[in-house]
Structure formats: structure tokens, C-alpha cells
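# I need the structure of the sequence given here:
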Amino acid sequence: MSEIRDFDALRRAMAENGEQPEGPARNARAEQLLAEAEKLNIPLAVIEALGHQLKVYNYSSEKDKMFVPFARLLRLWDERPGDFDDHETHALHWVFKWMSAGMLDQPHVPLASVEKWLGEMEHRYRLAGHSERAVRSAEFSVAAHVGDVPRAERAFAAWLAADRDAMADCHACELHGQGWWQAERGRDEEALRVWAPVLEGEYACAHEPHTVLASSLVPLLRLGRLEEARAHHLRGFRLVRPMESMRGAYADHVEFCALTGNEARGLELLAERPAYFTDDGHPRSKLDFLCVVVLLTERLAELGLGGQRVPGPAGREWTAGELAAHARAEALELAARFDERNGTAYVGERARARMAQRPLVERLPLGVRAVRPVAVGAPAPAEAAEPVGSGLPELLAEARRLSDTLRPEAVEAWAAVAEAAEGVVLDARDRAEIAEHEAIALGPRGAETFERAAGLYAEAEDPGEALAARARGAYVRALAGEDVDEALAAVAGPYDDVLALYAEGGTQVRQAAGVLMARARILMRRVHEADGPMAETVLGEAEAAVRELLALVEGRTGDDVRLTARLAEGHAMLGELATHSGDVEAGARLFARAAAEFTGAGLPWFACEYEARLAGLAHHLGDMAEAERALRAALEHGGPVLEPVGRAQLHLQLAEVVGERGQAEEAAEHALEAAHWADEAGEGPTLGAWARHQLGGYLVRLGRWAEAAEVLESALADLREETHGDGAVVQTQWWLGDCLSELGEHRDAAERRLQAAEIARHWPEQHDHATLAHLAAESLGQAGLHEEADRAYARAGELWRALGHVHGLVRALRARAWLALRTEDGTEGARALMAGAVEECVDALAAAQDDEEARLRLVAELGHTHRQFGDLLARSAAEDADDDSIRGALEEALSQMAEAVAVFVALDGDAVHARTGAELAAGWLEADLGRPAEAAARARAVLRAYARADDDETGEGDGRGHEDGTVAGRRAEAEQLLQVALEQGDESGA
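Numbering: from 1, shown residues only. Below is the predicted model of the structure:
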């Protein structure tokens, strides 16, 4: 670290330190710089160093340290005010506000001292001629903190009524405080109205919209504006995360997670900031943080997760229950210290209320990866009251009603019957039904239980049901992975027997249909398991079995829901067979018929599967409207019985369909739901990562950069080339680079783009590689890494040249030319690069005479290159001290501008704005060279170009010039240039 030898070096060092991340390291450097300033023996140097130290303390976790440098500054002011320049005089009065807030935030500072300081601030502001606005704002803060609502309201009104002057906080900070009070008083709608200019970007500062976004979270949740709350969390947390001093706002985000079912993300936030548990420099924000830690960890305990390990203060391991108790004790002790100082119970009451909040949303999906904590052995949710009496006869009657109507709850109802029947002697029929539903619940493991049920049905003298149970047992053997031929052999006997029994009138259609359906399902398993081109016999046998079932059932369903279901499933099987045979249209029709039959029978949950299949076929056929309708129907009909992974897949498919027709906002909603349900299904690293990838892309399309960045970073944590494909990884990095670029995080944007380019480097087609290399170069340049940017542009240029992409090559050369002005190559290197860009355009034009469209694009590129060449030469002239060389550079610049004008004129109306821009630039150069007549002529040429603009809506060929203000702007600039030229002419004539 170099020694500070003069005042300029001190100022540079303080500026550099000011750009460092908030925290103890920056504070320690400020302390060193103060010591260096004292060695210079310059009073103003010490004053500036004290001000710098005070500022970095204020924006850190060590706010309690700022009182000492301020006291010293105030003493220096009182003793030698002449040592302060205008800036430091303003800064001294400005930080009075920090002192007022800082004292209030320290419970060891007596309230009388705070009030005395408030009076001192008012006195000094009055002497300096400042408005009382900042004083009344500080008084409001004191009154609100101690819970003196009448005084707070009076001070609040006086604050708003007083004139804004140089001592008032910035608009953004003031609006935050004003909205906070509205929310504190329960006026959430008004709070959001007050905050709107900050949220919409009209006002901003170093810490806004950070705190407004954080403060808006709970009001938005209370109002049910969940989409906005989610967006504010994702956008706001990204801003707060790197700012060590913003523990209070950070706490708001933890609170949001605790109130929205995002406990896992809340724990991730705690883990990111271990120092927040113990930093004592700002007790008030520590209290805020401890309160939300209690809220989160007690919520976990309530969910049965009190024993889960959680992040906490360093030095030991913590469970949720232990941390909750520890944080609650610390929070209440700290609140008690504030209340003792204040002489009220307000801070403690407010802390207890915050810790006692109940969730405002059961689960608000955020789109970022997080697995909801689930406790093993957690208390089961209370069961709904039985709709009938709890006696065994009533339970049996209800279970039969549910199974006869194929309700999803039937299996659970029969399990309740089995539990209630323990120790009770039942007849064989009852025991058979219990066993059969136990077998259904066992799924592929239920074959033996079906056999037991068959025996009980036989004992109950119901041979048809016995055969149906045996047939179902044969089918589940096929499901369990047994050879299909063995399953067919097992069902052959029941099949032959039931047909004979039905022919004799010994059983009903329902039982016979049950056996035929089991056999058809087994044959469909053979279809599913067949590899390669399917033998006609496999399809034929399956189709014959299905048609035999349909022949039995059709016309005999009546009001029997089970038979209607057999009919619908049979049609669905035919649809599947048609699809396997290549008749996709027939398959789609049959799936649609099956879904309609299930829905018509009051069984929409069975329709869900076939509507999803129909959607895939419709998509294949290009019928996107039908695909969308079917997906929406599947989600609606699946209802609560739809498994999380199925729900995730349907939402993801629907996102893709609506996204393809340009509805990015709705697509983002479905992708968000897909990510949520994938996480619920335990598929977060696979299906969930893909959903987040898609969600991020839709958010990018919507320009919601901060939200998209959070989601895409989350997706990248799980995306794997071997699972999701390298294309998905590259696209996610690409989108993330775009987001970071829009957010001004250029170094990180460059890193993402370079990572994507490295993967794309190995692809056969190199256009993406070239584009990413070019974008990375842009980001490196914007990050101030000029040498690295030049190398990246050079690499991109090589790739563009290899691809024969002249436009990319020319733009890379132009970019390098501008960079050269900032590097050792200087003006000569920049000239050479820009001249090379011109040559590339000219050479490409010579080779493109047979392609008119390509030729016109190249002409435009040449015009823009001449224009930039002129701008570059004019810029370089300002850096030369010699008058002759300056004039020579301006003459060269004018020559390039004239070339640009001539090129754009050749494009006629398609380049009117480009032409007038170059014409005006040339006109200003004429004026700089002392040629008023030529400058006036160019101004008039621009005015003539737009003479008919109001009638013709002249734009770049589409009339958009009026909409974006280009025409008005160009006219105004031309009028200004003409006025300057005329004045120049008058002066030269005089």
C-alpha cells in the first residue's frame, strides 16, 4: 500500500476506498487514511479524512464508531470554521442527521441526550439558514421510535410542510420514511402509493430502492398482492445482499420467507450472514434481525422441525428450537434496554408482535431452488370430519359409495374400515372388499393380496368378482416387472371362465368387463415394452382385446360409473394404439373422446392423463390452440389428486405453449408453478432446474432483469450438461449475462458470457461462440477492463471473419478502435482499426453486388462506420494541445462525416435519421472550424429532410421517428445549430 505524500493522493485513496464493499476492512482503511492525513499538516485534509471515516462507519455494521470523528469535526468547526470549504461545510451539517439517528439506535445513549441533540441540530440549522425539514424529520424518528404517536403525527405533518432544501434527505430516502409510517399505522395502500416513485425508478440513491423494496414486502402480502411481493423480494434481496450495513432490510427479507412458506430460503439467508447474529455496532437493526430469526425458527418448530440443524451464531451448532430460544431471549433483552432508555414499553411490544406473526401465505413459490423442510414424524394435519357417523356400518357404507363412484378417496376410506374392523367378525364379502382395496393401495406389490381377495369373494359366493380380482392380480404382476407372457398366462383362466360364466348369466357385465380390462391392460404392457418397429401381431392382439371389451360394455353402461370408465379407458387405449401405428390424428380424436367420457361421467381426475396425451399430439400436429386447451383442462381436472411431478410437467408444457404465442407473462407464471411443484416432488435438480431455466428466459423477455438473474443463478446451480444438455447451460449463462449487463454488473456479466463461450467453442456451428465472445468483450469494456476487452474483441473478430460475417467483424474493429483511445495504442492505433473497418465494408460491398438486400445492409454499415470514424477523430482532437493538430483532426473528422452523409443519402428514406444525425455532427464540426455558412447549410438540410415529417411520419421507413421524439429532437438541434451559425456569421461580418 503506497504512502500518501500529498493531498491529491489522499483524495484518490479515499475515493478508491469509498468504492470498496461495506464492512470492517473499508473502515480500517479509512482509519489509516486519517492517520496519513494528519501527517500532511493540511487542516482541510484532516477534515475530509474525518468526513470519509464518518461516512464509511455510517454505512457499515460499526455505526457506533461514528460519534468520535463527528465530535472532532464539530470541535474543528467551532474553533476554525474557515478551514472548511463549501463542500465540507455542507457535509458537516448533513451528518447532523446521521448523529440524531445514530444516537436513537444506541440504547445506552439517554433519551435526554437525544432530545438535547435534536435541539442542537435545530439551532445550528437555523443559524446556517437551512429549512427545518430535516429537523422535523429527525423529530418524527424520535417520536415514532418511542411510540409517541401524537407527537410523531405532528412532526410528520411539519416535515412534509417544510420547504425542501440542500439539507433534506434525497427524494427516495424521504419517500421511504414517509411510506414506512403509513404502513406502520396500518395504511398499506397509502404506503405503496407513497413508495411508487421509488419502486418505479423515478427516484434512487445508494440505498434506494433497496429499503423500499424490503419495507414493501409485508404490506404487499397483507394486501394479497403476491406477485408484486415475490418480485420485490427477488429484486430487492439482490440489492441488499452485498450491503453489510443493511441488516434491517435483510431482516425484512428473512421475515418475508417466514411468512410465505419459504422457510428453507429463510435458512439460506441466515447462513449467508453469520455476523448479523453478533454484530453489536447497530443494536436497533440487530433487534430487527433477532426478531425475524425467532419468527423463522419458531415456525420451523411448529412444523415439527425444532430439531433440524440451522445456521446460527458462530462457535457451536444450533437446532431450530435452540436458536429460537436463544434469539428470543436476546431480542427481548435488547428491546428491554431500549424501553428502559425510552421510558415506554413500545419497542418490546413491537418486537413481540413481530415475533408472533402468523404466515400470510401457506406457500408462495419464488422460482429459486429450495426444498421445503419436511419433518419425519411431524404431527399429521388434522383429518377432516367424517361426513357420516364413525361407526363401522357407516364407514362401510361410505367406503362402498366412494368405490362405486370411483372416488380418489375410496382407498383411504377402506383403510379406515379395516382399522375400525380390527377384532370384529365380518362376513366374507366385507373382508373381500377390504382386501381388494388393500391390494389396490399396494400397487405393483398387491398380487398376493388380490389372490386373497379372490378367495374371499369365492367364499362369499361371488364367482364373477373372484375372477375379476384374480385378473387384477395378474395385471399387477405385469406392472411389477414380471414377464408379460406369464401375466397373460395368469389371466387366461379367469378370462375363459368369466366369458363362460357371463354367457350362463352367472355374473354381471361389470365383473366380466373387469376381467377383460385386466387382459387388455396386460396386452397394452406388451405394446409399451416393445422396442423398435412394433410387430403387427403385438398391436393387433392388443386392439382385439380392447375392441372385445368395448363390444361388451357399449350400450350397457346405464348409470354405472364403473362401466362408463371402462368404456372411456378402452377408447383411450385405441387412441394409444393408433398413435403407435402412426395415425396421430386418430389418436388425438380418441384421447379427446376418452377425456370427454370421463368428464361426462363425473370422473374428471381420470381425464387428466388423456388430456395431457392429447396436448402432446395436438402440439405435434401444429394445433397449438387445442394443445393449450387440453393442458388447461388437464390442470383443472387433475385437481388435488394430481401428483406434484405431473402438475409440474403440465405447467411447464403450458408455459412453452403460451410462450410460443408471445404471452411471456403468463408463461412465466406457469414456469414458476412448474418449478414449485418440481421442488415439491423432489425433482428440483432435474425438472425443477429446467423449469427455472425457462422461467428465467421468460423474465428476461419481460425485462425483469433482477428477478431473472436470481432465478437463472438458481437454475445454474443444478443444470448439468449431461442431464439438461449443453445448450440449456449456454442459454442460461447467456441470459444471465444479459441480466447482469442490464443491472450494471459488467464484470460478472463478462464472466458469464465467457463461460458460455467456452462451452459453445466446441460446437460445430460457431455463430453463438462468436456472438458470446463479442458480448463478453462489451462487458469487459464496460467494466473498465480495456486490455482484456480488446483481446476479447480481437478473438470475436477472428470468429466473425471465419464465419464470413462482415457486420460482426466491422463492429468488433470499431469497438477496438474506441478502446484504443484509452490504451497505449492511442489515436494512431484507433485510426488504423477504424480504417480497417471501412476497408472491410468496402471489400464486402464489392462482393455483394448480386444480392440487393445484403448490399443495402452493407451500405448502412459503411455509413455508420464513417460516422463513428468521424466521432473518434473529433474526440481525439480534444486531447491534442497543438492548435494546428486539433484543426487537422477536425478536418479529418469532417471528411468522414461528409462520407457518412453521402452514404446515407444513397439509402434514401430508409436512413433519414442516420443521415440527419451525421449531417448535424458535420455541421457542428463546420462551426468549430469557423465556417458558419457551411454549418448553416447543413442545419437547413436537416430541417428540409423533416419538412414533411408531420404529414408523412418520416422515420426509418416505419414512421416511428415521431413516437420516440427523434424528429423533434433533430429539428431542435438543427435550429440551435442554425442560430449558432448565424451568430458566428454576424460576428465574422462585424
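
# next SSE downstream of the lowest-mean-pLDDT helix or strand in the chain?
Every helix and strand of the chain was ranked by mean pLDDT, DSSP states H and E. The lowest is helix 949-952, at a mean of 53. Per DSSP states H and E, the first helix or strand lying C-terminal to helix 949-952 is helix 966-989.

# buried sites along that following helix?
Buried residues in helix 966-989, defined by neighbour count with 16 or more other C-beta atoms under 10 Å: 966, 967, 970, 971, 973, 974, 977, 978, 980, 981, 984. C-beta coordinates here come from the backbone N, C-alpha and C atoms, glycine included.

# which one is the third one nearest to, not counting chain neighbours?
To tie it back to what came earlier, the one meant is residue 970. In space, and not counting its chain neighbours, residue 970 is closest to residue 916: 5.0 Å by C-beta to C-beta, 6 or more residues apart in numbering.

# for the chain, which residues score under the pLDDT cut-off?
1-2, 371-390, 531-534, 825, 878-882, 909, 948-964, 987-990 (pLDDT under 70).

# all strands of it, in order?
Assigned by DSSP state E, the strands in the chain fall at 309-310, 318-319.

# show me which helix runs longest in the chain.
helix 852-877 (DSSP state H).

# do I have it right that residue 452 meets residue 435?
Yes. Counting by C-beta atoms under 8 Å, residue 452 does reach residue 435; the two are 5.1 Å apart.

# more neighbours, these two?
residue 435 (23 against 18; other C-beta atoms under 10 Å).

# OK, contacts around the more buried one?
The neighbours of residue 435, taking C-beta atoms under 8 Å, 6 or more residues apart in numbering as the test, are 449, 452, 453, 456.

# between those residues, which is closest to residue 675?
Lowest distance from residue 675 to these (C-beta to C-beta) belongs to residue 449, with 38.1 Å.

# circling back: let me know the distance separating the residue nearest to residue 970 from residue 971.
Using C-beta to C-beta, to the nearest Å, residue 916 is found at 9 Å from residue 971.

# find residues that contact each of those two.
942, 946.

# which neighbouring elements make contact with the longest helix of the chain?
helix 806-820, helix 826-846, helix 883-906, helix 912-928 (3 or more C-beta pairs under 8 Å, 6 or more residues apart in numbering; DSSP states H and E).

# report the central residue of this protein.
Taking C-alpha atoms, centre = their mean, the centroid of the chain lies closest to residue 707, which sits 2.7 Å from it.

# quick one: that one from residue 111, how far?
43 Å.

# one more: residue 507?
Taken as C-beta to C-beta, the span from residue 507 to residue 111 is 90 Å.

# next one: residue 986
Relative to residue 111, and taking C-beta to C-beta, residue 986 is found at 70 Å.

# residue 853 too?
77 Å.

# then residue 124?
Taking C-beta to C-beta, one finds residue 124 at 20 Å from residue 111.

# which one of residue 507 and residue 111 has more residues nearby?
residue 507 (24 against 19).

# so the more buried one sits against residue 464, correct?
Yes. When contacts are counted by C-beta under 8 Å, residue 507 is listed as touching residue 464 (2.8 Å).

# overlap in contacts of the two?
498, 501.

# re earlier: could the contacts of residue 435 be laid out in CSV, adding distance to residue 151?
Below are the contacts of residue 435 laid out as CSV (distance: C-beta to C-beta, whole Å):
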residue, distance to residue 151
449, 75
452, 80
453, 78
456, 81
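
# which of those residues fall in helices?
Those of the contacts of residue 435 lying in helices (DSSP H): 449, 452, 453, 456.

# who wins for neighbours among those residues?
Top of these by neighbour number is residue 453, holding 28 neighbours under the definition other C-beta under 10 Å.

# and that one, what does it touch?
432, 433, 435, 436, 439, 469.

# against residue 469, how distant is the fifth one?
Note on residue 439: its distance to residue 469, by C-beta to C-beta, is 8 Å.
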